[in-house]
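Chemist: Sharing a model prediction with you, sequence too.
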Amino acid sequence: MLRIDINTPPRYLKLMELFNSKLCAICKGRKLLCGRPTCPILERFRVAKTIEKRINRRDIFGSSPPSIFVGEYGYPKVRIGPLVPPIEGNTSHLDSPLKWENKRIKDILYYRSLLVMGEIKADVNVRKSERILSEVQELAMSVRPVDSEILLKKRPILKVLPSEFAPPVGPKAELLDFELTENPKIPKRTDYIVNDELKAEPAIIRLYNWGFDEYYIIRLLSAGLLGTNRKLVPTRWSITAVQDTIGKRLRKEILHYEPINEFELYFYEFLGNRYAVILMPETYAFELLEVWLKGSLFGSDEPKVIHDYEDFRGIKGYAEETTGAYYAARLSVLESLKQRRRQARIIVFREVTPKYYAPVGVWQIRLGVKKAMGNPVGRFNTLQEALNELKKFLELKLEKYLEKSWILRLRKQRTLDYYFNMV
């Protein structure tokens, strides 16, 4: 059953209107009149049917990947809970974007639907927490699956409500009790950070430099385990906070490096998203240009380019248009430049096609741009040559991107008219 509450964001209300439109009633998911290769509603229900028998009970025992989720609605009173699948053993693939490189959207939906969330309402101030929250925090610190048991008030329900940021949330119900039935594997360095009086930002950077993957760090931040003023942080906010914090640190580092020598173009298509990256032999700046093409989840008959940008000082405020995608894309390019010990002026192009029929989380942007940075198209002597080559990979007319781009408007060598003439 599709459910909407009063806190559903306007962007998703638009999506729900589309799903309840006359077009859907005529199509019934069979004719694909929306232009998508798969009906996102039917796909979600197919997954629900597959896992229904395994989760159709109030008590769930299994190995948590480990995984937790913290909601954002109602802040500072939020919903938090452990995610436990009805299976035992090595379940880490159910909640590890690092292992989803070669997976399909339907695979991700299936993995996430196996993770049953027992949710409780909690104050974000962890000092006001109860026993269950301390168990959730222990789970969050583990680096391997932990045998766990949840007791729910009712049988869990799987909702067909997408999130563009966090991976899809599986079935959930109100939590009555939660217990770890084995000791979690907690690294000594995690214990050190959690028990230290470090502020959140240096704690994040230290964990990252020690080699902990960012999704583990995100989990620690969400569970209220980092910083001097410990608070629960909604999962969506944690993802952006961690990627932004690491990105800021990397930007400061690469500003000391020499610029690259040529114009460079990279491209990769991942889960129905096209990612193209142009690097320019100039001082650092970053811009993300994004468009949802006609027939895509949030597309329209006349697709519009949205963007956010920054210069060497960083972005002013929050990336209001591209939101979490901005920080994920920026981090992947910055990591690549740091490895090369170079700086560059960066433009990332993201085209979302109808093949991206269900949002699976901002991790796919992080991974898609990372894969693009490992897939060079070529090096060029001029920007004109690079843009001419770029046109071969994008569906939307290049002039639509050029008239929106902040970085290209900054270039004093050429005017926008020059670029329009050569498109």
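Modeler: Noted; the coordinates are in hand. Numbers count the residues shown, from 1 in each chain.
Chemist: hang on, isn't Arg219 packed against Pro65?
Modeler: No - between Arg219 and Pro65 there is no contact under CB atoms under 8 Å: 9.9 Å. In this view, the C-beta of every residue, glycine as well, is placed from N, C-alpha and C.
Chemist: Would you map the strands across this protein?
Modeler: 59-64, 68-70, 77-84, 116-123, 146-152, 172-180, 263-270, 273-280, 285-292, 306-310, 345-352, 376-380 (DSSP state E).
Chemist: between the third one and strand 59-64, how many degrees?
Modeler: Orientation of strand 77-84 against strand 59-64 (axes from the mean of the first three to the mean of the last three CA atoms, to 10 degrees) gives an angle of 80 degrees.
Chemist: Pull up the pairing partners for strand 77-84, direction included.
Modeler: Applying DSSP bridges, strand 77-84 is found paired with strand 68-70 (antiparallel), strand 116-123 (antiparallel).
Chemist: any chance of those strands in CSV, with distance to Lys397 and mean pLDDT too?
Modeler: Output for the strands paired with strand 77-84, formatted as CSV (distance: least, CB to CB, whole Å; pLDDT from 0 to 100):
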stretch, distance to Lys397, mean pLDDT
strand 68-70, 40, 96
strand 116-123, 43, 93
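Chemist: Lys153 is nearest to which of these?
Modeler: Nearest of the strands paired with strand 77-84 to Lys153, taken as CB to CB: strand 116-123 at 8.9 Å.
Chemist: Could you export that closest one as PDB, CA atoms only?
Modeler: Only the C-alpha atoms of strand 116-123 are listed here, as PDB (Å, rounded to 0.1, in the frame of the first residue of the first chain):
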ATOM      1  CA  VAL A 116      13.400  -5.100   8.600                       C
ATOM      2  CA  MET A 117      13.500  -1.900  10.700                       C
ATOM      3  CA  GLY A 118      12.200  -1.900  14.200                       C
ATOM      4  CA  GLU A 119      11.600   1.800  14.900                       C
ATOM      5  CA  ILE A 120      11.300   3.800  18.100                       C
ATOM      6  CA  LYS A 121      10.900   7.400  18.700                       C
ATOM      7  CA  ALA A 122      13.900   9.100  20.400                       C
ATOM      8  CA  ASP A 123      15.100  12.500  21.300                       C
END
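Chemist: Identify each buried residue in that strand, please.
Modeler: Under the neighbour-count criterion of 16 or more other CB atoms under 10 Å, strand 116-123 has Val116, Met117, Gly118, Glu119, Ile120, Ala122 buried.
Chemist: swap in stretch 392-404?
Modeler: Buried positions in stretch 392-404, judged by neighbour count with 16+ other CB under 10 Å: Phe393, Leu394, Leu396, Leu398, Lys400, Tyr401, Leu402, Lys404.
Chemist: Repeat that for stretch 123-143.
Modeler: 124, 126, 129, 132-133, 135-142.
Chemist: What of stretch 253-262?
Modeler: Burial within stretch 253-262, assessed by neighbour count using 16+ other CB under 10 Å, is assigned to Ile254, Pro259, Ile260.
Chemist: Show me what it is in contact with.
Modeler: Stretch 253-262 has contacts (CB atoms under 8 Å, 6 or more residues apart in numbering) with 279-284, 312, 334, 337-338, 340-345, 379-381.
Chemist: hmm, which of those residues are the buried ones?
Modeler: For these, buried by 16+ other CB under 10 Å: 279-282, 284, 334, 337-338, 342-345, 380.
Chemist: and the gap between the closest residue to Gly224 other than its chain neighbours and Arg219?
Modeler: Nearest non-adjacent residue to Gly224, counting by CB to CB, 6 or more residues apart in numbering: Val126, 4.0 Å away. Taking CB to CB, to the nearest Å as the measure, Val126 falls 15 Å from Arg219.
Chemist: Ok, Asp311 next?
Modeler: Remark: distance between Asp311 and Arg219 (CB to CB) = 32 Å.
Chemist: Which one of the two is surrounded by more residues?
Modeler: A count of neighbours by other CB atoms under 10 Å puts Arg219 above the other of Asp311 and Arg219, at 26 against 16.
Chemist: Now for that one: which residues touch it?
Modeler: With contact set as CB under 8 Å, 6+ apart, Arg219 has these partners: Pro66, Ser67, Ile68, Ala140, Ser238.
Chemist: Would you mind measuring from it to Asn125?
Modeler: According to CB to CB, Arg219 and Asn125 sit 19 Å apart.
Chemist: Thr245 too?
Modeler: Using CB to CB, one gets 22 Å for the distance from Thr245 to Asn125.
Chemist: do Ala372 as well
Modeler: Distance from Ala372 to Asn125, counting by CB to CB: 41 Å.
Chemist: just Glu214 next, same as before
Modeler: Between Glu214 and Asn125 the computed distance is 25 Å (CB to CB).
Chemist: Between strand 77-84 and the biggest helix by length in the chain, find me the angle.
Modeler: Taking DSSP state H as the criterion, the chain has its longest helix at helix 235-254. Calculated by the same axes, to 10 degrees, helix 235-254 forms an angle of 90 degrees with strand 77-84.
Chemist: got the angle between helix 235-254 and strand 285-292?
Modeler: 140 degrees.
Chemist: Check the offset of helix 235-254 from the chain's centre.
Modeler: 13 Å (CA atoms, centre = their mean, to the nearest Å).
Chemist: Show me what counts as buried in it.
Modeler: Residues of helix 235-254 classed as buried under the neighbour-count rule (16+ other CB under 10 Å) are 235-251, 254.
Chemist: do the same with stretch 58-66
Modeler: Here stretch 58-66 shows Ile60, Phe61, Gly62, Ser63, Ser64, Pro65, Pro66 as buried, counting by 16+ other CB under 10 Å.
Chemist: What's opposite the second one in the beta bridge?
Modeler: In this case it means Phe61. Bridge pairing for Phe61 - DSSP bridges - gives Glu149.
Chemist: quick one: contacts for it?
Modeler: Listed by CB under 8 Å, 6+ apart, the contact set of Phe61 reads Val84, Pro86, Glu88, Asp147, Ser148, Glu149, Thr181.
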